[in-house]
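Undergrad: Dropping a prediction and its sequence here:
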Amino acid sequence: MEKYDLVVIGGGPGGYTAAAEAARLGLKTALVESGKLGGTCLHLGCIPTKAMLHVAEILRTTRPAEAFGIHTENVRLDYGEMLAYRQETVQKLADGVAAMLRAAGVMVLAGKGQVLPESRVRIETDEGETVLEAKHILLATGSRPKTLPLPGMDLPGVLDSDGLFALEELPESLVILGGGVIGVEMAEAFSAMGTKVTILEAQPRLLPEMDKEISQNLRMIFKKRGIGLHIGAMLQSVKRDGEALKCTFTENNKEMTARAQYILCAVGRRPNSEGLFAPPMQSETTPAGHIQVDGRFQTSVPGVYAIGDLIPGPQLAHAASVEGRAVAQILAGREPTPDLSVIPRCVYTSPEIAEVGFSEKDAAERGIPVRVGKALMGGNGRTQIAKGERGFIKVMAHAETGVLLGALLMCERATDLVGELALAVSNHLTARGFLRAVRPHPSFEEALGEAVENAEKK
């Protein structure tokens, strides 16, 4: 029986990052993956989605290019060529992951992994099974799309995000069930490519987990772009209606319908926690199926750890990556490098959206006094040059100490700019300390300084 210091089950961002870091730190490491290295994020999530959103951004910029003095007649999208570009991007990154693991000396094994008693891992393949002995085991099997237990959700044409990415032709029309991150990003991408998009969101606003001002701003922008929005819409059923699918829902106590060629169910994801432990073994889980862990990511089974979408917390690829790196460092006898309490949350719409640290609501719930500083992007030179949409940057500083606690951004390049604020929050930088750095003009980054300065003045 082959013996390892660490066996990782799951080859997504959390799993492959943990494996590479553990090997780099001198631990004999194996990684078990039943699908493709890179996981959902690389093959069916973050990367292909952002590739499509990049295409959408080019289309939104090119079609009205006359505003910049550029005349582009007959601009059109070849969906097949776009898919080829998307797959090329995914494959290059997948090849990079495989090369990184080879260079680190990680043993990669194809198959489905399961934890056995006495710190062993069974790997099931079409050819049979292999058993490894492990000093430590890390579970990083991620999540899969949720569905709704309603009539008609099993009809052909009702898709999850995996099914949507498998389409080889651009949908003429699409109803998206859910106005969370996945829903609004897919609405952004497909509406820019020419699909008629309608969103049905059961909560009172889009992006219900984010700041209310962000939700309101995005709603106005989406309406301007012709995206149909039904907020507080409770889906009742889905039925075939000729060549289309018909959603019946209630909104403001009124029954309504929406028809489309396809329906995307984007109501969240659930952890792939079933079957990870061989009976009668089991680990403590939440009602939603997440595996419970302690402050160092160990499950209730000694020597077995879990990270990423498997555990309670943000379902984000970069969160899984830093958690995986942290576990590897813990097992190697080191203290983790990343500050796991400061995880940026990003939405790749246009304009982009990002949050980090505390919001005003978070601070109020904890009884923390804050000073809020805001910069409107309408006065930012780079935003005017790019003819960007309406947006803002808002920062929260402790009212007494001036320490920066959090930020909200809805502007061009927000997902890049938020890193500077994450660095400030994780290092407990004060507003005055943040303003010591000189930021270039003209730049989107200037607005960060303006927002922080406005918080400092209060």
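TA: Yes, it's here. Residues are numbered from 1 along each chain as shown.
Undergrad: residue contacts, Ile123?
TA: 32, 109, 111-113, 129-132 (C-beta atoms under 8 Å, 6 or more residues apart in numbering). Any C-beta I mention is one placed from the backbone N, CA and C, and that applies to glycine too.
Undergrad: from what I can see Thr17 touches Gly324, true?
TA: Yes. Between Thr17 and Gly324 there is a contact under C-beta atoms under 8 Å: 4.3 Å.
Undergrad: thinking again about what came up before, want to throw the contacts of Ile123 into TSV with pLDDT, secondary structure and distance to Asp154?
TA: Shown next, in TSV, are those (pLDDT from 0 to 100; DSSP: H, G, I helix; E, B strand; the rest coil; distance: C-beta to C-beta, whole Å):
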residue	pLDDT	secondary structure	distance to Asp154
Val32	97	strand	31
Leu109	95	strand	34
Gly111	95	coil	29
Lys112	96	strand	25
Gly113	96	strand	30
Glu129	92	strand	33
Thr130	93	strand	36
Val131	95	strand	37
Leu132	96	strand	38
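Undergrad: immediately after the helix or strand hosting Ser321, which helix or strand?
TA: According to DSSP states H and E, Ser321 maps onto helix 317-331. Using DSSP H and E, the helix or strand that follows helix 317-331 in sequence is strand 345-347.
Undergrad: Show me what that following strand is packed up against.
TA: Helices and strands touching strand 345-347, as assessed by 3 or more C-beta pairs under 8 Å, 6 or more residues apart in numbering; DSSP states H and E, comprise helix 181-192, strand 352-357, helix 414-426.
Undergrad: Turn these into TSV, including distance to Phe297 and mean neighbour count.
TA: Below are those laid out as TSV (distance: least, C-beta to C-beta, whole Å; neighbours: other C-beta atoms under 10 Å):
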stretch	distance to Phe297	mean neighbour count
helix 181-192	24	24
strand 352-357	22	25
helix 414-426	19	20
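Undergrad: Make JSON lines out of those and add distance to Glu284.
TA: As requested, the helices and strands packed on strand 345-347 are exported to JSON lines (distance: least, C-beta to C-beta, whole Å):
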{"stretch": "helix 181-192", "distance to Glu284": "28"}
{"stretch": "strand 352-357", "distance to Glu284": "29"}
{"stretch": "helix 414-426", "distance to Glu284": "30"}
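Undergrad: Now tabulate those in CSV and tack on distance to Thr147 and mean pLDDT.
TA: Below are the helices and strands packed on strand 345-347 laid out as CSV (distance: least, C-beta to C-beta, whole Å; pLDDT from 0 to 100):
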stretch, distance to Thr147, mean pLDDT
helix 181-192, 13, 97
strand 352-357, 26, 97
helix 414-426, 29, 97
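Undergrad: Would you mind saying which of those lies nearest Met377?
TA: helix 414-426 (9.7 Å; C-beta to C-beta).
Undergrad: Okay, angle between that closest one and strand 352-357 too, please.
TA: Between the axes of helix 414-426 and strand 352-357, defined by axes from the mean of the first three to the mean of the last three C-alpha atoms, to 10 degrees, the angle is 10 degrees.
Undergrad: which residues in the chain form helices?
TA: Shown for the chain, the helices assigned by DSSP state H span residues 13-24, 39-44, 46-62, 79-104, 161-166, 181-192, 212-224, 317-331, 360-365, 381-385, 414-426, 431-434, 446-457.
Undergrad: In CSV, list those helices along with distance to Val238.
TA: Output for the helices of the chain, formatted as CSV (distance: least, C-beta to C-beta, whole Å):
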stretch, distance to Val238
helix 13-24, 33
helix 39-44, 23
helix 46-62, 24
helix 79-104, 25
helix 161-166, 14
helix 181-192, 16
helix 212-224, 23
helix 317-331, 30
helix 360-365, 34
helix 381-385, 41
helix 414-426, 33
helix 431-434, 50
helix 446-457, 43
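Undergrad: Please identify the one among those helices that comes closest to Ala266.
TA: helix 181-192 (4.1 Å).
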